[in-house]
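1. Have a look; sequence and predicted model below, questions after that.
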Number of protein chains: 2
Amino acid sequence: MTALTIHEAATTTGWSPRMLRYVEQLGLVEAPRSAAGYRLYGPAQLQRLRTLRALLDEHGLELGDVGFALRLRREPALAGALDDWFDETPAPPRTTGSPGAPVPDADWLAFEQAKHQQLLDR
Amino acid sequence: MTALTIHEAATTTGWSPRMLRYVEQLGLVEAPRSAAGYRLYGPAQLQRLRTLRALLDEHGLELGDVGFALRLRREPALAGALDDWFDETPAPPRTTGSPGAPVPDADWLAFEQAKHQQLLDR
DNA sequence: GCCGCCCTGACAGAGCGCTGTCAAGGTCGG
DNA sequence: CCGACCTTGACAGCGCTCTGTCAGGGCGGC
């Protein structure tokens, strides 16, 4: 099938083989493996690599930045902690019933949903 | 009122004066200024500095990471581009009416709202 | 008026991220 | 079977981030 080796994928996407392994190590584009362990780059992976490059160029990002964004998606607790910190400043948002207790943590999903709902209600 | 100089704020929060200026430069904690330009740290800023330290320690973050998270909040286009890239992989999401055109960009907010709505609908 | 703190700007060094390159060994196609 | 490719692991250098420190000048309280 249409599956390229790492060297072929590198030349067609503009990355270097070394960088393709690094990108995979960051968890950004993981190529399936052959029985012998060779990385196999299919159309999906190639597309992903090209759009990744465009993303970096367009917004002046680095791979580490995208890696951090990935971490935000994999660790919702981290994303929630950041949300809380950024929302902390303006005013005591505890206008709803529950007082200032640090969120029972079981209600965390509902808490985040409420926050997203606020985003939608505008 | 209760407003500390940068040196006092540093000793009570555990940061160094240098780092307080750096944190401000990153846009994370900005202290109001006196008429002469002195930074004035009130309770709000002190609280923010302490919780910032806790945030870093708890999740093993660096200041630059939080700075990047701030950038994500200030540049919704960047956040949207990352969302799109991460959502790109699983399946062709163009199941709704509009074909593969790169989103008319005026509908961008609605597009993101729809995506958030999917998050809420679970 | 003086001494101590504040400001900005700059330089410096430690550390880390990114990228290339090499080594030792396995796999594949002619 | 041989040459070209792949694997992982390691090391090296460039550049950037982070943090401290210093210089030159202003502000403030005793």
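-> Noted; the coordinates are in hand.

2. Which residues belonging to the helix ranked longest in chain A are considered buried?
-> If you go by DSSP state H, chain A has its longest helix at helix A:43-59. Neighbour counts using 16 or more other Cβ atoms under 10 Å in any protein chain shown place A:45-46, A:48-49, A:51-52, A:55 of helix A:43-59 among the buried residues. Just so you know, the C-beta spots here come from the backbone N, C-alpha and C atoms, and that holds for glycine as well.

3. Also stretch A:83-90?
-> Buried residues in stretch A:83-90 (16+ other Cβ under 10 Å): A:83-85.

4. which ones are touching the residue lying closest to A:R50 once chain neighbours are set aside?
-> Spatially, and ignoring its direct neighbours in sequence, A:R50 is nearest to A:T13 (5.8 Å; Cβ to Cβ, 6 or more residues apart in numbering or on different chains). For A:T13, the contact set (Cβ atoms under 8 Å, 6 or more residues apart in numbering or on different chains) comprises A:20, A:46, A:49-50, A:53.

5. and the gap between A:T13 and A:L52?
-> With distances taken as Cβ to Cβ, to the nearest Å, A:T13 is found 9 Å from A:L52.

6. And A:R33, its phi and psi?
-> Dihedral pair for A:R33: phi -120, psi 150, per degrees, to the nearest 10.

7. What about it, how many residues nearby?
-> For A:R33, the neighbour count with other Cβ atoms under 10 Å in any protein chain shown is 10.

8. how much space between the nearest residue to it once chain neighbours are set aside and A:Q45?
-> Once flanking residues are discounted, A:R33 sits nearest to A:R39: 6.1 Å by Cβ to Cβ, 6+ apart. Distance of A:R39 to A:Q45, given as Cβ to Cβ: 9 Å.

9. Between these two, which contacts overlap?
-> A:9, A:31.

10. what mean pLDDT does stretch A:14-22 have?
-> When pLDDT is averaged over stretch A:14-22, the result is 97.

11. ok, the helix or strand where A:T11 lies near DNA strand C or not?
-> Using DSSP states H and E, the element containing A:T11 is helix A:6-13. No - applying Cβ under 7 Å from any atom of the strand, one finds helix A:6-13 separated from DNA strand C by no less than 8.9 Å.

12. helices or strands up against the helix or strand following that helix?
-> Downstream of helix A:6-13, the first helix or strand assigned by DSSP H and E is helix A:17-25. Contacts defined by 3 or more Cβ pairs under 8 Å, 6 or more residues apart in numbering or on different chains; DSSP states H and E place helix A:17-25 against helix A:6-13, helix A:43-59.

13. Using TSV, lay out those together with distance to A:A35.
-> Shown next, in TSV, are those (distance: least, Cβ to Cβ, whole Å):
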stretch	distance to A:A35
helix A:6-13	16
helix A:43-59	18
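
14. in the helix holding A:T11, what's buried?
-> A:6, A:9-10, A:13.

15. so which strand or helix has the most centrally placed residue in chain A?
-> For chain A, A:L70 is the residue whose C-alpha lies nearest the centre (Cα atoms, centre = their mean; 2.3 Å). Using DSSP H and E, A:L70 sits in helix A:63-74.
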